[in-house]
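In: here are the coordinates; sequence isn't available:
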Ligand SMILES: Nc1nc(O)c(N)c(N[C@@H]2O[C@H](COP(=O)(O)O)[C@@H](O)[C@H]2O)n1
Ligand SMILES: [Fe+2]
């Protein structure tokens, strides 16, 4: 069997080959008329791929299923148990075929956050060390709001003709999670996002979109370094 040249290419530390970066987003979720239903998956995949290119870590693609709170009905999502099962199978496959021992999960969908409480289990089941990176969720602001619109502009997935309609909130109740009153009552962050869209509307700024991506990518690169230092 061929001897692999782990030091080939722009590789600072050959151990980086044991580190993977995988995106966890949502492919089937309304984001108003200006953004496609797989906006989260594309934002997360872009961050994961760019981070892998910069750090030398392996790009492991994107997890297919996504979870969401019951009180937020804006797409097609699975139970937390089903997401956890799929994540374990996916990571076991990365270990079996690519000899991956450590992974950064790049989360780009707010509804996946509850999986964080299951990660110790996932690490035990897969014998893989995990860092869960939620940076883009914590900086992007409201669902289908200015942050996602601006990143969508950078990715070229934005329908510019529909931007003025994005805040027709009676029609597109998912924008800012405006129409999900129970979720707004239960989560001050969601309430804040809804109020922001209701009071300030939305805008598109490509420079802002690039800054959001840079912040998220740098944060993932730092996580890769932390895993290398383990
Ligand atoms: N979709 C969703 N589900 C939850 O459970 C949430 N807590 C949030 N939070 C807010 O929505 C933004 C996420 O929107 P995307 O899922 O990335 O489209 C997030 O930034 C919070 O403002 N969202
Ligand atoms: Fe989402």
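Out: Yep, that arrived. Just so you know, these numbers come straight off a predicted model, no measurement behind them. Numbers count the residues shown, from 1 in each chain. Ligands and ions are numbered 1, 2, ... in the order given.

In: only C-alpha atoms from now on, for both contacts and neighbour counts.
Out: Noted.

In: what pLDDT is listed against residue 230?
Out: Listed pLDDT for residue 230 reads 84.

In: what about it, how many residues nearby?
Out: Residues near residue 230, counting by other Cα atoms under 10 Å, number 7.

In: residues contacting it?
Out: By Cα atoms under 8 Å, 6 or more residues apart in numbering, no residues touch residue 230.

In: can you check residue 151 too?
Out: Applying Cα under 8 Å, 6+ apart to residue 151 gives the contacts 43, 206, 208, 209, 210, 212, 213.

In: how many residues are close by the closest residue to residue 112 other than its chain neighbours?
Out: Once flanking residues are discounted, residue 112 sits nearest to residue 67: 5.1 Å by Cα to Cα, 6 or more residues apart in numbering. Residue 67: 25 surrounding residues under other Cα under 10 Å.

In: what does the model give residue 67 for pLDDT?
Out: The model's pLDDT for residue 67 equals 98.

In: could you pull out the buried residues of the helix ranked longest in the chain?
Out: In terms of residue count, the longest helix belonging to the chain (DSSP state H) is helix 206-229. Across helix 206-229, burial judged by 16 or more other Cα atoms under 10 Å covers 206, 208-210, 212-214, 216-221, 223-225, 227.

In: which among these are in contact with ligand 1?
Out: Filtering the buried residues of helix 206-229 for proximity to ligand 1 by Cα under 6 Å from any ligand atom leaves nothing.

In: tell me which parts of this protein are close to ligand 1?
Out: Looking at ligand 1, the residues of the chain close enough under Cα under 6 Å from any ligand atom are 40, 68-69, 108-111, 137-138, 140-143, 190, 193.

In: just the buried members of those residues?
Out: The neighbour count (16+ other Cα under 10 Å) marks 40, 68-69, 108-111, 137, 140-143, 190, 193 as buried among those.

In: report the two of these separated the most.
Out: Spanning the widest gap among those are 69 and 140, at 19.0 Å by Cα to Cα.

In: got the buried residues for the host helix or strand of residue 90?
Out: Element membership for residue 90 (DSSP states H and E) is helix 80-98. Of all the residues in helix 80-98, those buried under the rule 16+ other Cα under 10 Å are 80, 83, 84, 86, 87, 88, 90, 91, 92, 94, 95.

In: quick one: the residue nearest to the last one when sequence neighbours are not counted from ligand 1, how far?
Out: Read that as residue 95. Spatial nearest neighbour of residue 95, excluding adjacent residues (Cα to Cα, 6+ apart): residue 101 at 6.4 Å. Going from residue 101 to ligand 1 by Cα to the nearest ligand atom, to the nearest Å gives 28 Å.

In: tell me the contacts of residue 101?
Out: By Cα under 8 Å, 6+ apart, residue 101 lies in contact with 18, 19, 20, 95, 127, 128, 129.

In: which single one of those is nearest to ligand 1?
Out: residue 20 (22.0 Å; Cα to the nearest ligand atom).

In: list of residues touching the helix or strand that contains the closest one?
Out: Element membership of residue 20, judged by DSSP H and E, is strand 19-24. Here strand 19-24 makes contact (Cα under 8 Å, 6+ apart) with 41, 44-45, 47-49, 51-52, 57-64, 66, 100-109, 112, 224, 227-228.

In: just the buried residues of those residues.
Out: Neighbour counting with 16+ other Cα under 10 Å marks 41, 44-45, 47-49, 51-52, 57-64, 66, 100-109, 112, 224, 227 as buried within the contacts of strand 19-24.
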